[in-house]
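Participant: Structural data only, the sequence is not supplied:
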């Protein structure tokens, strides 16, 4: 099992999860974070840190494994992030928006740390 970041993170990117990860398996996109499934040790400390419940165990993924695939593919091309950055100023406006990945996701890399 691994943990995955899901749709709720898009344009919110709170990053509280980054600082508690003991193996630094988070990778940063312009408006989304992902977890590298091959690096995650399944400790689960990141899940309760996310204020919008964007982090889930992969056992709660969609039947086709959509989020696991997204996390795995972007973790290969985005920079690693180990220090909490500043979340977007308008994050609260996006917290409960539906279908953010389909409509607002950016494939561009973030800055990393």
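Facilitator: Perfect, I can see it now. Treat the numbers as computed from the prediction; the structure is a model and nothing was measured.
Participant: For the residue nearest to residue 10 when sequence neighbours are not counted, grab the count of nearby residues.
Facilitator: Closest residue to residue 10 apart from its sequence neighbours, by Cβ to Cβ, 6 or more residues apart in numbering: residue 100 at 3.7 Å. No exception for glycine: its C-beta is placed from N, CA and C like everyone else's. Neighbours of residue 100 under the rule other Cβ atoms under 10 Å: 21.
Participant: wait, isn't residue 110 in contact with residue 18?
Facilitator: No. Contact criterion Cβ atoms under 8 Å: residue 110 and residue 18 do not qualify, at 11.0 Å.
Participant: These two - which one has more neighbours?
Facilitator: Between residue 110 and residue 18, counted using other Cβ under 10 Å, residue 18 has the larger neighbour count: 23 against 19.
Participant: show me the contacts for that one.
Facilitator: 26, 33, 81-85 (Cβ atoms under 8 Å, 6 or more residues apart in numbering).
Participant: tell me which residues of the helix or strand bottoming out on mean pLDDT in the chain are tucked away?
Facilitator: Comparing every helix and strand of the chain by mean pLDDT, DSSP states H and E singles out helix 91-94 as the least confident one, with a mean of 90. Judged by neighbour count using 16 or more other Cβ atoms under 10 Å, the buried positions of helix 91-94 are 91, 94.
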